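Peer 1: One predicted model, sequence on top.
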Amino acid sequence: MMIDFLHEYLNLTGSRLGCGQGVCHACVLIHDREDGTSEEIRTCITGAHFFGGKTIRTVEGLARRNDKGEVVELSAVQQAFLTHYSFQCGYCTPGFVNAATVLVEKLKREPVEKDKVEETITEALNEHICRCTGYVRYFEAVKDVVLSTPGLVKGGK
Amino acid sequence: MMVRFKNTMLKLALAGLIGAALVGCGASSQGSANAEVPASAEQVARGRYLARAGDCAACHTAKDGAPFAGGYPLHTPFGTIHGTNITPDKEHGIGGWSSDDFYLAMTDGVTPDHRLYPAMPYTSYRAMKREDSDAIYAYLMAQKPVAQPNLENGLSFPFNIRAGLWFWQALFVEDKQPDVSAGSSASWQRGRYVSNVLGHCAECHTPRKFSGQMDFSRQLQGNTLDRIGAPDITPEGLAARGWTLKDLNAFFATGLAPQGSAYGEMYPVVHLSTQHLSKSDLSAMSTYLLGDKPPAPQPVRPVAADAAELQAGRQVCTAVCAGCHGGQGEGKPHVAVAMKGNSTVRLKDARNLIVATLDGIEE
Ligand code: FES
Ligand code: FES
């Protein structure tokens, strides 16, 4: 499975193996399609071969790094999760980061009405499971990013 | 041609009689509704069981709605029809109906107010025993009345004119459905009643003709519904996909069998109806569907297909299916059903497999 390939061959251990059977979504990576849209794919149930020739991002690729490869700035989503104390043990976090990243990028292309923001976030994060019940703070953090990033919401600021 | 004509004339005459009976009922039901003999607890319990066997809730309870208060949308080729309120509410429900009215609605599709669209399976319930209709009536009358108005149906002209139903009913409502299996045992007989009448299997599994009537010459041979189709459930159709009596029983009782799980429109059938039925009724249904002498289940045979295509398919399968369904399609207990020997995979028409892959299966 792709998660084994990421962990064992590439030493990219950020994606988490939670349930191993496609339920918890801790293991998702981001697949960037050719048409500019993206989707989450669970790496625990998807073979590595599936990704041959495809463009993907794992959680390691979201923060800004300098030429030495050191992280110099977290992405807005990552920062918001820290600011809001969104997670406790953090096992589910890479999945949530990817889900929220896909959502924010989608809203850049297709902004939503202000009154649709909450249900849009719920829908985007819905499949992700957190044992430590961090949902509310995850939700608030994503809402914060969505409302404070210009251009994601129609009719609002 | 002659036979057909005679048949039709008979039915027209019959419909006329029903019409006359309806006028009579309409006049008397006002007074008689309250004069019904009160139902015994036993009758209500029996009614509850029968209402489940008839799967009333599937169409008369909306998602997150009050039980039996209606509002569930049924999409038909003629437009959208909504399940109605069948709680004992006097204004919006059936609170003003007598048990005679109820029986007439169940078996003739005629209510004190109008004729029913055949989305209501009176075409199957037609042979319902009077005492069973009365028990369901007693059960429904014992429910909490819900003052929920019925939704407008989204039918296009001319189907929105109910008067046309007179003709439809006169022409297409048959007293008895043909048997697809042979049998005579008590279980088979009971199964005929549970499957054809209460469970109204044919309503989905029998193809329909131009005017929406069931094509009884192809009874239970499978039908295309919304996106997912209802497969062939004749004894031969079932055996061709490996079904046995034991596996059918397990499927009805739990929604799960070695041949796969209940999904699409069949999910609510198991969830709301069959899982609540007695072992003997389930086994009667299976016996009726397969016959007293079930045909031997067919083994899986290798398919003939282009080698390159097979190889490409194998690669996709290994990459995106095997994670849950197993490297050899053997499935994973409590996670995903086996694809090897799967009833849907074995269907001649790949439609359901493709739709399930594209849309996923509602959890
Ligand atoms: S580990 Fe992949 S979904 Fe849970
Ligand atoms: S923070 Fe522990 S599982 Fe989500």
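Peer 2: Cool, the structure landed. Numbering: from 1, shown residues only, chains lettered A, B, ... in the order given. Ligands and ions are numbered 1, 2, ... in the order given.

Peer 1: Who are the contact partners of residue 152?
Peer 2: Unless you meant another one, I'm taking chain A. Residue A:152 makes contact with A:104, A:107-108, A:111-112, A:146, according to C-beta atoms under 8 Å, 6 or more residues apart in numbering or on different chains. For glycine as for every other residue, the C-beta is placed from the backbone atoms N, C-alpha and C.

Peer 1: That was the other one, I meant chain B.
Peer 2: residue B:82.

Peer 1: in which helix or strand would I find it?
Peer 2: Assigned by DSSP states H and E, residue B:152 falls within no helix or strand.

Peer 1: And it, how close does it get to ligand 1?
Peer 2: Look at residue B:152 and ligand 1: by C-beta to the nearest ligand atom, to the nearest Å, they are 43 Å apart.

Peer 1: Next one, pLDDT for that residue please.
Peer 2: With respect to pLDDT, residue B:152 scores 84.

Peer 1: any low-confidence regions in the chain?
Peer 2: Here I'm looking at chain A. Counting by pLDDT under 70, the ranges of chain A that qualify are A:156-157.

Peer 1: Please refer instead to chain B.
Peer 2: B:1-36.

Peer 1: same thing but at 80, please
Peer 2: The model of chain B has pLDDT under 80 over residues B:1-37, B:154, B:156-157, B:161, B:163, B:166-168, B:170-175, B:225-226, B:363.

Peer 1: ok, so of the contacts of residue A:152, who is nearest residue B:252?
Peer 2: Checking the contacts of residue A:152 against residue B:252 by C-beta to C-beta gives residue A:112 as the nearest, at 43.9 Å.

Peer 1: Chain A: helices as residue ranges?
Peer 2: For chain A, the helices defined by DSSP state H cover A:2-4, A:76-83, A:93-109, A:117-125, A:135-148.

Peer 1: Does the second one reach ligand 2?
Peer 2: No: counting by C-beta under 6 Å from any ligand atom, ligand 2 is not contacted by helix A:76-83; separation bottoms out at 9.9 Å.

Peer 1: returning to that earlier point: which of the helices of chain A sits closest to residue B:176?
Peer 2: Of all these, helix A:117-125 comes closest under C-beta to C-beta, at 49.0 Å.

Peer 1: Tell me which residues are up against that closest one.
Peer 2: So helix A:117-125 is contacted by A:96, A:99-100, A:102-103, A:107, A:112, A:135, A:138-139, A:142-143, A:146-147, A:153 (C-beta under 8 Å, 6+ apart).

Peer 1: Go ahead and confirm residue A:83 touches residue A:137.
Peer 2: No: using C-beta atoms under 8 Å, residue A:83 makes no contact with residue A:137, being 9.9 Å away.

Peer 1: of these two, who's got more company?
Peer 2: residue A:137 (18 against 13; other C-beta atoms under 10 Å in any protein chain shown).

Peer 1: Quick check: that one vs chain B, distance?
Peer 2: Per C-beta to the nearest C-beta, to the nearest Å, residue A:137 is found 26 Å from chain B.

Peer 1: doesn't residue A:84 make contact with that residue?
Peer 2: Yes: using C-beta under 8 Å, residue A:137 is in contact with residue A:84, at 4.9 Å.

Peer 1: Could you state which residue of chain A sits nearest its centroid?
Peer 2: Closest to where the C-alpha atoms of chain A average out (C-alpha atoms, centre = their mean) is residue A:98, at 1.0 Å.

Peer 1: picking that back up, of all the helices of chain A, which one is nearest residue B:234?
Peer 2: helix A:117-125 (42.0 Å).

Peer 1: Report the inter-axis angle for that closest one versus helix A:135-148.
Peer 2: Here helix A:117-125 runs at 120 degrees with respect to helix A:135-148, directions being taken by axes from the mean of the first three to the mean of the last three C-alpha atoms, to 10 degrees.

Peer 1: ok, and does helix A:117-125 reach over to ligand 2?
Peer 2: No: Helix A:117-125 does not reach ligand 2 (C-beta under 6 Å from any ligand atom); its nearest approach is 11.6 Å.

Peer 1: now do stretch A:27-43
Peer 2: No: applying C-beta under 6 Å from any ligand atom, one finds stretch A:27-43 separated from ligand 2 by no less than 12.9 Å.

Peer 1: And that stretch, end to end?
Peer 2: Length of stretch A:27-43, first residue to last, C-alpha to C-alpha, to the nearest Å: 6 Å.

Peer 1: hang on, residue B:330 packs against residue B:338?
Peer 2: Yes: the criterion here is C-beta under 8 Å, and residue B:330 meets it with residue B:338 at 5.5 Å.
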